[in-house]
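Participant: structure of the sequence below:
(2 chains)
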There are 2 protein chains.
Amino acid sequence: MKIAIDAMGGDDAPEVVVRGVIDYFKEQRFRSLLKIILVGKEKVIRKELRKSAFDPKGMIDIVDAREEISMREHFLSYWRRREQTSIKKGLDLVKKGVAQAMISAGNTGAVMAISKNVLGNLKRIERPALALMLPTPKGHSLMLDAGANVDSKPKNLVQFALMGKVFLENVYGIEDPRIALMSIGEEEVKGNELTKKTFNMLKSLNINFIGNMEGSDVYSGDADLIVTDGFTGNVALKVSEGVVETMQSMLKKEMGNNLLSKAGFFLLKSSIKRVRKKMDYAEYGGALLLGINGLVIVGHGKSNAKAIKNAIYMGKKFIAENVLDKITEEAEKVQSVLKEYKYV
Amino acid sequence: MKIAIDAMGGDDAPEVVVRGVIDYFKEQRFRSLLKIILVGKEKVIRKELRKSAFDPKGMIDIVDAREEISMREHFLSYWRRREQTSIKKGLDLVKKGVAQAMISAGNTGAVMAISKNVLGNLKRIERPALALMLPTPKGHSLMLDAGANVDSKPKNLVQFALMGKVFLENVYGIEDPRIALMSIGEEEVKGNELTKKTFNMLKSLNINFIGNMEGSDVYSGDADLIVTDGFTGNVALKVSEGVVETMQSMLKKEMGNNLLSKAGFFLLKSSIKRVRKKMDYAEYGGALLLGINGLVIVGHGKSNAKAIKNAIYMGKKFIAENVLDKITEEAEKVQSVLKEYKYV
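Facilitator: Down below sits the predicted model:
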């Protein structure tokens, strides 16, 4: 079993990527069945590997890639030199069957575009989408699309709903998952053109559609799957991050040098830490590019070593459970459902 | 000076509305120059008023309104009986010049639609929008549109930007406010069709346009004005609420019966309280329907008495500072700017 990892992807690459890989191997009590292929500038990767005293002998391969795509680079600026990039070379390994999954915390748009180009979409899936597990007090909710597409049509959102259902049923064993549509009011009539049309389509399908969900309930755990377009999904996720950070920095400022407050913070620390851990994206590794003909996991640009390590566990689980085969098999049914309802 | 208040609007109306009004008068050390007209079912309002020992003699008038519009009611279901509703009767008072502003924490869609119908838009403004002050560690940022419109065109967003600029300059004395466009990446090329077109238009205007802003920076205070369509704005606001609530309930759960954690929470309480106060919408009263030919303040559906009280202070400030005249005067310029750039 092999996973290719984009060593150059992410704000703190390659350092945290290599450290995440090392941390993964450190945790293995027995010889790992999984090998990692680090893709990127070989010299730089070797330098990072030497920083660690721990040597996972023979478990890490390196594939050299001359180019990298920066986090904020646009399609047009990287497309001509994509052949030599770490993202392209990593995906090539999946295409050739050398690796069974690819992980990148790099430029999401680039990973998405090159994945489509190298691996193609699953048969009959028009648009892949980012499937991200969100933490809730009751467990998790899957958000789809978390930011792969910017302008979606109702039929795309319906495909997301059906792909997400298949994913949750087959990978997480959730029977007949509760599917909600993100909107600005619970009632059917609330929303924009996109959500209102999508609502009608979802309502007519033989799925457990529980209706619209407002932004305030995204973290309630009341739905197993939250369907939204990638623009709205991305804004929702990033606002969540921003609120938590703002509240923390305001709390620190308020505490100032007040000793009692500081003592209070100290005593409360372990509880706060556990909550933050539950809410921390790093615990979840990354998001799956659902709808691509291959396992591609996209990490947060701010991924730390722990996020990379957890993305490896995620990839391992997906490979071991034949996620791709299961989804591929079901994806064709998605299209026949849509055809049956004349939604394509 | 008189403000009309929809006594029936909000999840906890009329109780909290009446209490908010009473609280306002309690705080006046001298005889208030402001009278309040409570609009709604007279019997119910009188009953609520009798609950309080405090009697603001002669300062509260009541205008009877037989009907009310529930929070989740749709346009079609209330439109035929709108004439007798508290929202319509309150807005009529503004139209007739009896009151100089109207406050409602009721059904936002209804307040918006009936305001357009009764008061009309400001000359040359196509779509009014909800202007909401968001708390940031550095002060405030105005979000526009916070949820009045669902599907907006680029030219609408440009109008929001210009209206917001006028509002911040004239009401808050912010010179040449920094204007940002909410999107999913900082670069010009990031976003959906709507934001990309809007970006180009904003860029060409003679305003302090600082570019795209991601969801994570909404509470950073780096912009004075955040322009967005009402759907995205509403999702962003509600997600913010949801995250804070979820973190709080998770923290409580984590603390459980651990005495040390509880002691910590106790010591930290005053700091947490101050932060929550800063982040609390109730502190800000409500959002102004910018672009309507009259002062209409929309409160959060969950408004408590404090939010109502603060909305009264907000209305008082807007009346005292001739906000409507100032905006009306400038609004015509908005259109000539748009014409000059051929954006209308």
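Participant: so which residues of the stretch 51-200 of chain A form helices?
Facilitator: Counting by DSSP state H, counting those that start in this stretch, one finds helices in the stretch 51-200 of chain A at the ranges A:75-78, A:86-95, A:108-119, A:154-171, A:193-204.
Participant: those: which one's closest to residue B:171?
Facilitator: Residue B:171 sits nearest to helix A:193-204 of all the helices of the stretch 51-200 of chain A, at 33.0 Å, using C-beta to C-beta. All C-beta atoms are positioned from the backbone trio N, CA, C, and that covers glycine.
Participant: list the buried residues for that closest one?
Facilitator: By neighbour count with 16 or more other C-beta atoms under 10 Å in any protein chain shown, helix A:193-204 contains the buried residues A:194, A:195, A:196, A:197, A:198, A:199, A:201, A:202.
Participant: could you figure out how far whatever helix or strand comes next after that helix is turned away from helix A:193-204?
Facilitator: Following helix A:193-204 in sequence order, the next helix or strand is strand A:209-213 (DSSP states H and E). Orientation note: strand A:209-213 sits at an angle of 160 degrees relative to helix A:193-204 (axes from the mean of the first three to the mean of the last three C-alpha atoms, to 10 degrees).
Participant: what packs against strand A:209-213?
Facilitator: Secondary-structure packing of strand A:209-213 (3 or more C-beta pairs under 8 Å, 6 or more residues apart in numbering or on different chains; DSSP states H and E): strand A:179-182, helix A:193-204.
Participant: looking at the helices of the stretch 51-200 of chain A, which is buried most?
Facilitator: Most buried of those by mean neighbour count (mean count of other C-beta atoms under 10 Å in any protein chain shown) is helix A:86-95; its value is a mean of 25.
Participant: just the CA atoms of that helix, as PDB, please.
Facilitator: Extracted C-alpha coordinates of helix A:86-95, given in PDB (Å, rounded to 0.1, in the frame of the first residue of the first chain):
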ATOM      1  CA  SER A  86       4.700  18.000  -7.300                       C
ATOM      2  CA  ILE A  87       0.900  17.900  -7.700                       C
ATOM      3  CA  LYS A  88       1.000  16.500 -11.200                       C
ATOM      4  CA  LYS A  89       3.800  14.000 -10.400                       C
ATOM      5  CA  GLY A  90       1.900  12.800  -7.300                       C
ATOM      6  CA  LEU A  91      -1.300  12.300  -9.300                       C
ATOM      7  CA  ASP A  92       0.600  10.500 -12.000                       C
ATOM      8  CA  LEU A  93       1.700   7.900  -9.400                       C
ATOM      9  CA  VAL A  94      -2.000   7.300  -8.600                       C
ATOM     10  CA  LYS A  95      -2.900   7.100 -12.300                       C
END
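Participant: what does the stretch 51-200 of chain A have sitting close to chain B?
Facilitator: Within reach of chain B by C-beta under 8 Å from any C-beta of the partner chain, the stretch 51-200 of chain A has these residues: A:72, A:74-75, A:136-137, A:147, A:150-151, A:182, A:184-187, A:189, A:191-193, A:195.
Participant: roughly how far out does the lengthiest helix in chain A sit from the chain middle?
Facilitator: As assigned by DSSP state H, the longest helix anywhere in chain A is helix A:230-255. Per C-alpha atoms, centre = their mean, to the nearest Å, the displacement of helix A:230-255 from the mean C-alpha position of its chain is 19 Å.
Participant: repeat for stretch A:124-138
Facilitator: 7 Å.
Participant: go on, stretch A:256-267?
Facilitator: Between the centre of stretch A:256-267 and the centre of its chain there are 37 Å (C-alpha atoms, centre = their mean).
Participant: mind listing residues that contact that stretch?
Facilitator: Defining contact as C-beta atoms under 8 Å, 6 or more residues apart in numbering or on different chains, one finds that stretch A:256-267 is touched by A:254-255, A:272, B:260-261, B:263-271.
Participant: follow-up on the earlier one: turn the helices and strands packed on strand A:209-213 into TSV, including mean pLDDT.
Facilitator: Below are the helices and strands packed on strand A:209-213 laid out as TSV (pLDDT from 0 to 100):
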stretch	mean pLDDT
strand A:179-182	98
helix A:193-204	94
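Participant: could the ones you listed go into a markdown table alongside distance to residue A:290?
Facilitator: Output for these, formatted as a markdown table (distance: least, C-beta to C-beta, whole Å):
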| stretch | distance to residue A:290 |
| --- | --- |
| strand A:179-182 | 14 |
| helix A:193-204 | 17 |
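Participant: how about the strands in the stretch 201-344 of chain A?
Facilitator: A:209-213, A:225-227, A:287-290, A:295-298 (DSSP state E, counting those that start in this stretch).
Participant: again with the stretch 1-150 of chain A
Facilitator: For the stretch 1-150 of chain A, the strands defined by DSSP E, counting those that start in this stretch occupy A:2-6, A:35-40, A:60-64, A:101-104, A:129-136, A:139-144.
Participant: of these, which is nearest residue A:241?
Facilitator: strand A:129-136 (11.8 Å).
Participant: residues contacting that closest one, please?
Facilitator: Here strand A:129-136 has contacts from A:108, A:112, A:140-149, A:156, A:160, A:163-164, A:167, A:218-221, A:226, A:230, A:233, A:237, A:278-280, A:283-284, A:287-291, A:298, B:246, using C-beta under 8 Å, 6+ apart.
Participant: drop anything exposed from those residues.
Facilitator: Here, 16+ other C-beta under 10 Å leaves A:108, A:112, A:140-149, A:156, A:160, A:163-164, A:167, A:218-221, A:226, A:230, A:233, A:237, A:278-280, A:284, A:287-291, A:298, B:246 buried among those.
Participant: thinking again about what came up before, weed out the non-buried ones from the residues of the stretch 51-200 of chain A next to chain B.
Facilitator: Neighbour counting with 16+ other C-beta under 10 Å marks A:74, A:136, A:137, A:147, A:150, A:182, A:184, A:185, A:189, A:191, A:192, A:195 as buried within those.
Participant: wait, which of those is closest to residue A:103?
Facilitator: residue A:147 (16.9 Å).
Participant: one step back: what angle sits between the longest helix of chain A and strand A:139-144?
Facilitator: Angle, helix A:230-255 to strand A:139-144, by the same axes, to 10 degrees: 130 degrees.
Participant: mean confidence score for helix A:230-255?
Facilitator: Helix A:230-255 shows a mean pLDDT of 87 in the predicted model.
Participant: now it: buried residues?
Facilitator: For helix A:230-255, by 16+ other C-beta under 10 Å, it's A:230-244, A:246-247, A:250-251, A:254-255.
Participant: out of those residues, which touch chain B?
Facilitator: Restricting the buried residues of helix A:230-255 to those touching chain B (C-beta under 8 Å from any C-beta) yields A:230-232, A:234-244, A:246-247, A:250-251, A:254-255.
Participant: coming back round to it: closest to residue A:35 out of the contacts of stretch A:256-267?
Facilitator: Minimum distance to residue A:35 across the contacts of stretch A:256-267 is 37.8 Å, recorded for residue A:272 (C-beta to C-beta).
Participant: list the contacts of the residue nearest to that closest one when sequence neighbours are not counted.
Facilitator: What sits nearest to residue A:272 in space, not counting adjacent residues and going by C-beta to C-beta, 6 or more residues apart in numbering or on different chains, is residue B:251, at 6.7 Å. Residue B:251 makes contacts with A:271, A:272, A:275, as judged by C-beta under 8 Å, 6+ apart.
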